[in-house]
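1. Show me how the following folds:
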Amino acid sequence: MKKTEKRIPWESLPDTLTAKQVCEVLEIPIRRVYELFKIHVDYGGIPTFQIGASIKVDKKDFKQWNDRRESNNSR
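-> Down below sits the predicted model:
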């Protein structure tokens, strides 16, 4: 299966994402997602917030982060 065929449409994602969902969207290991969570946003990290012990990602913030990442990779 081609990578583009597995892509999860943004519209189908919930408003708040878990690390596992980010992992599935980006098609990277969950370990790397947690590394990106720890990096400050100014240095390329994914913007997150915490609810209790859970780290979450706002879908809108994640889309902006991903769009910037993709535009930087296409240069």
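2. Which of the helices and strands in the protein ranks last by mean pLDDT?
-> The helix or strand with the lowest mean pLDDT-type score in the chain, counting by mean pLDDT, DSSP states H and E, is helix 3-6 (a mean of 52).
3. neighbouring strands for whatever helix or strand comes next after that helix, and are they parallel or not?
-> Once the chain leaves helix 3-6, the next helix or strand it forms, by DSSP states H and E, is strand 16-17. Using DSSP bridges, the strands paired with strand 16-17 are strand 54-58 (antiparallel).
4. Buried residues in the strand it pairs with, which are they?
-> Burial within strand 54-58, assessed by neighbour count using 16 or more other CB atoms under 10 Å, is assigned to 55-57. Glycine gets a C-beta too; all of them are placed from N, C-alpha and C.
5. for the top helix by length along the chain, the distance to its chain's centre please.
-> Taking DSSP state H as the criterion, the chain has its longest helix at helix 59-73. A distance of 8 Å separates the centroid of the chain from that of helix 59-73, by CA atoms, centre = their mean, to the nearest Å.
6. can you list the residues that contact that helix?
-> Helix 59-73 has contacts (CB atoms under 8 Å, 6 or more residues apart in numbering) with 10, 13-17, 22, 25-26, 41, 44, 46-47.
7. model confidence over it, on average?
-> Taken as a whole, helix 59-73 carries a mean pLDDT of 91.
8. Also stretch 18-27?
-> Taken as a whole, stretch 18-27 has an average pLDDT of 95.
9. Hmm, Leu13 is touching Val25, no?
-> Yes. Applying CB atoms under 8 Å, one finds Leu13 in contact with Val25, separated by 7.1 Å.
10. Show me which of the two is the more surrounded one.
-> In this view Leu13 and Val25 are compared by other CB atoms under 10 Å, and Val25 has more residues nearby, 20 against 17.
11. tell me the SS of the closest residue to Ile8 other than its chain neighbours?
-> Here the nearest residue to Ile8 in space, its sequence neighbours aside, is Val25; by CB to CB, 6 or more residues apart in numbering that works out to 5.4 Å. Under the three-state scheme (DSSP: H, G, I helix; E, B strand; the rest coil), the conformation of Val25 reads as helix.
12. In contact with Val25, which residues?
-> Contacts were defined as CB under 8 Å, 6+ apart; by that measure Val25 touches 8, 13, 17, 62, 66.
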